[in-house]
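**Student:** with the input below, show me the fold.
(2 chains)
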Amino acid sequence: MAQETILEVKNLKKYFPIKGGIFGKKTLNQVKAVDDVSFHVKKGETLGIVGESGCGKSTTGKTILQLIEATDGEVLFKGKDITKASKQEMKNLRREIQIIFQDPFASLNPRMKVGEIIEEPLINFGLCEGKKARRDRVLELMDQVGLRPEQIDRHPHEFSGGQRQRIGIARALACEPSIIIADEPVSALDVSIQSQVLNLLRDLQKELGLTYIFISHDLSVVKHFCDRIGVMYLGRMVEMAGKHELYDRPLHPYAEALLSAVPVMDPKRKKKDIILEGDVPSPSDPPKGCAFHPRCPMKMDICSEVRPQLENQNGRFVACHLYDQPTEPERTG
Amino acid sequence: MSKVLDVKDLEVSVKIDNERRNIVNKVSFSVNEGETLGIVGESGCGKSMTSLSIMDLLPQALSVTGGSLTLNGEELTKLSKNAYRKKRGKEMAMIFQEPMTSLNPVYTIGFQIVELVRNHTKKSKKEAYDRALHMLKLVGIPRADQVLHEYPHQLSGGMRQRVMIAMALSCNPGLLIADEPTTALDVTIQAQILRLMQSLQDEMNMSIVMITHDLGVVAETCDRVIVMYAGEVVEEATVEELFESPKHPYTKGLVASVPNMDKDEEYLSSISGTVPTPEQMPTGCRFAPRCKHAFEACHQTPPLFDVNEQSKSRCWLYHEEASNVQEGRKEVGAGNHS
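**Tutor:** Numbering: from 1, shown residues only, chains lettered A, B, ... in the order given. Predicted structure coming up:
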């Protein structure tokens, strides 16, 4: 399958300033929410980004869309740098890159009817001329995501969580996007509803040839849904690999610990052997060298000194000194 | 093994438009000494309300309107508020999902634990402080002597949950009710907390009621499980039986809709429809409108059938006479596939 790269993120950085001082104008420190993250997404694939809270996965998603301005780095969409796009260009780009949020209630205007919510992007982007044509398009979209036509005049509060998420998806689809960034789209839903929404997203991908960036903390959902997966820790991408490679044999010690911490639905399964000690350090004061080294069971001397780069390891990427290629032998004496 | 907690035909109801509606309907279960009982179900199934009614902590709009609750042989529903207060924290304790909302933000950790210990025991202030320090060390809090003097906001989520556990266990309760104790935590922290709870359970020989929506957590921690749907117990089974061969169509659907890390499926199986609200509760079997096996009998409320020694299921398919219905169905199904 020949796939072209549709989106490329290069050395993306997002630092949030911590303001202080008497007038709150002095920048005391910076939270490095996203620190030098690079990856690419191919057309028609689903890229998963996993990590624990505070690892910067959502910030990465929002920075791609320029909902948060990047501090540094490039986001290339079809070869064009989004971070340098003008307002008008950005508006058009947002039509092509859409986002679905975690909380379907907070992201829908409670005063608007479902029909109006889905119609709004059609008006904004001039995608559909004429009231009648727009209404038909809205009904078509509602049908596509499994909402009934008579629900068109209801308000968001009349819907359950799963249905609200469907409204959010319909709204995103209205723009005919090529990429959808799904930021924890099923985390707020019960399992039986979660599977309905995941199946819907998969159907839509097949039907419309969509590309997804799927951000989640739930490793089993990501394994089910994604083709390639990037694991983030403290603002950095620590491993990136195809899902089978990653889940069969994680290379980075953090990825390994994360996978082993997932509760498995099998009471006979042996107890887990790796349980990480301690908490994730604060991103405003990340450890020197490898950010994971204070909790790492495989820590070496070099880890507290040199930050490992994401390196190619037989087609997959890992940022860990364990996999450093033996370079020139150190000169001693 | 003796029963620590025995719940019989518990009913919790809410008043909507001058009409009482049962949110928890005739729920019965028991917890044995040293055992972990899991209560699983999706949001709105009544699992949290069941646990709150055991602790007498129900929100004002709700009340226990029927059934009995027995703790160590003593009836709880007839206790006065004061007598309940003495039991809560001493003989049974509860931890919640969000530790930040259950800790008082304006008092130090130490103050809050000492207050609890002194309320329930005759310990002096000094002894109570020692006890608090001991408990914080027991739950694995680093620099426990400093944390005693810190406020809840100074701790991370995982540490706060440890503090909650330390506080809940400070008077050696025989029963711990844990309502989604790890839902707000990251997986690596969840693994730490679950392991901690297990080791403390072994050490103190207490019983745990683990309320969760996460079937993975159930599989890793529980001995027995009850599955709730729309306020009723639909299945009760040992944890092995529940995952090996779930009986009730709802349980089957629930287990199948969780993505399995060991399998590669393109689509997940899902249960169509949503959980009914209390206003539109179906008569008869409450799951019937979403059930693909529903047949005529489902218009009547099924009892909890004993399927085998390890499990019970509230489904007419397990009635003796239903076996031919089931077989007939299988044949029809087989016919479709060939």
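
**Student:** from here on, just use CA atoms for contacts and neighbour counts.
**Tutor:** OK.

**Student:** tell me the spacing between A:Gln66 and chain B.
**Tutor:** Distance, A:Gln66 to chain B, by CA to the nearest CA, to the nearest Å: 27 Å.

**Student:** so what pLDDT did that residue get?
**Tutor:** Here, the pLDDT recorded for A:Gln66 equals 88.

**Student:** phi, psi for the residue lying closest to it once chain neighbours are set aside please.
**Tutor:** By the measure of CA to CA, 6 or more residues apart in numbering or on different chains, the closest residue to A:Gln66 outside its immediate chain neighbours is A:Thr83, 7.1 Å from it. The phi and psi values for A:Thr83, taken as degrees, to the nearest 10, are phi -60, psi -20.

**Student:** does A:Thr83 touch A:Val75 like I think?
**Tutor:** Yes - applying CA atoms under 8 Å, one finds A:Thr83 in contact with A:Val75, separated by 6.2 Å.

**Student:** which one of the two has more residues nearby?
**Tutor:** A:Val75 (26 against 20; other CA atoms under 10 Å in any protein chain shown).

**Student:** can you get me a residue count around A:Arg135?
**Tutor:** Residues within reach of A:Arg135, counting by other CA under 10 Å, total 17.

**Student:** and for B:Glu236?
**Tutor:** Using other CA under 10 Å, B:Glu236 has 28 neighbouring residues.

**Student:** ditto for A:Ser220
**Tutor:** Neighbours of A:Ser220 using other CA under 10 Å come to 19.

**Student:** now do the helices in chain B.
**Tutor:** Assigned by DSSP state H, the helices in chain B fall at B:47-55, B:81-87, B:99-102, B:109-120, B:125-138, B:144-147, B:157-169, B:187-204, B:215-221, B:239-244, B:249-257, B:323-337.

**Student:** ranking those helices by burial, who's on top?
**Tutor:** Sort the helices of chain B by mean neighbour count, taking mean count of other CA atoms under 10 Å in any protein chain shown, and helix B:157-169 sits at the top with a mean of 25.

**Student:** that one to helix B:109-120, inter-axis angle?
**Tutor:** 20 degrees (axes from the mean of the first three to the mean of the last three CA atoms, to 10 degrees).

**Student:** what's the angle between helix B:157-169 and helix B:125-138?
**Tutor:** Using the same axes, to 10 degrees: helix B:157-169 against helix B:125-138 is 130 degrees.

**Student:** got a list of contacts for helix B:157-169?
**Tutor:** Outside helix B:157-169, the residues that touch it by CA atoms under 8 Å, 6 or more residues apart in numbering or on different chains are A:279, B:89, B:93-95, B:98-100, B:103, B:109, B:112-113, B:116, B:132, B:135-136, B:138-141, B:152, B:176, B:181, B:184-185, B:189-190, B:193.

**Student:** repeat for stretch A:54-63
**Tutor:** So stretch A:54-63 is contacted by A:14, A:33-34, A:49-51, A:68-70, A:181, A:183, A:213, A:215, A:232-236, A:283 (CA under 8 Å, 6+ apart).

**Student:** for chain A, see how far away the residue positioned nearest the centre of chain B is.
**Tutor:** For chain B, B:Ile211 is the residue whose C-alpha lies nearest the centre (CA atoms, centre = their mean; 2.3 Å). Distance, B:Ile211 to chain A, using CA to the nearest CA: 15 Å.

**Student:** dump the residue contacts of that residue.
**Tutor:** Counted by CA under 8 Å, 6+ apart, B:Ile211 has contacts B:Gly38, B:Ile39, B:Val40, B:Lys47, B:Ser48, B:Ile177, B:Ala178, B:Asp179, B:Glu180.
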